[in-house]
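structure for the following, please:
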Amino acid sequence: MSSVTDSEATINALVNTIHPSFDYIIVITAFSACLFTLFVILFALSTKESRCRLVFRLNALAIFDPFNSVSTSLQLAAIVFTIFPPLLYDSILLTRLFALYPLSSTPLATLLKIFAFPCCVKCTRVVVLALVLDSYVRNALVEGLTLAEATTWFHNPNMTTEWALQIADNM
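Residues are numbered from 1 along each chain as shown. Predicted coordinates for the structure are as follows:
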């Protein structure tokens, strides 16, 4: 009986060890398949003249080596530009309410009733996104970017909080 328990514990330890890397490998495999298709289409739709140009060669190079040529700071900047635009878009939607309720003709009490909740949610979202970005950077410095993505995106309660706040913001 103890050998079954030992093997079970060994398998569980193995699964727990490879799980973050496995998620990353699955994502990279899907993106690599897309890049291979893009590379084939690039050659299929190009002419002999266009293949001689520098732009074509740079495009082929970018398709072949998308992950090794990007620095850590550029990847962190990409994360920032990934998580903050939804907040920006929701804020633009909020400003449309000013067209319906102009500041000059709407009583202050009415404006507070309309804008208090969305403004509080937006401020909370900024704080939560800053916490997500902070934990991502801390994990990236300690574990490397590959494991930071796995731990930040799938196991961070702040990310779930951001998604819930985004739903509340869109109501």
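
for residue 103, what are phi and psi?
Dihedral pair for residue 103: phi -60, psi -30, per degrees, to the nearest 10.

residues near it, how many?
Close neighbours of residue 103, defined as other CB atoms under 10 Å, add up to 8. In short, each C-beta sits where N, CA and C put it, glycine included.

does it touch residue 115 like I think?
No. Look at residue 103 against residue 115 with CB atoms under 8 Å: they stay out of range, at 10.3 Å.

shaky segments in this structure?
Scanning the chain for pLDDT under 70 picks out the ranges 1-4, 20-34, 62, 64-72, 74, 142-155.

re the thing from before, find the residues that touch each one of residue 103 and residue 115.
Counting by CB atoms under 8 Å, 6 or more residues apart in numbering, residue 103 and residue 115 have no common neighbour.

which residue lies nearest the spatial centre of this protein?
residue 82 (4.9 Å; CA atoms, centre = their mean).

buried sites along the helix or strand encompassing that residue?
Counting by DSSP states H and E, the element that carries residue 82 is helix 72-83. Neighbour counts over helix 72-83 (16 or more other CB atoms under 10 Å) mark 76, 79, 83 as buried.
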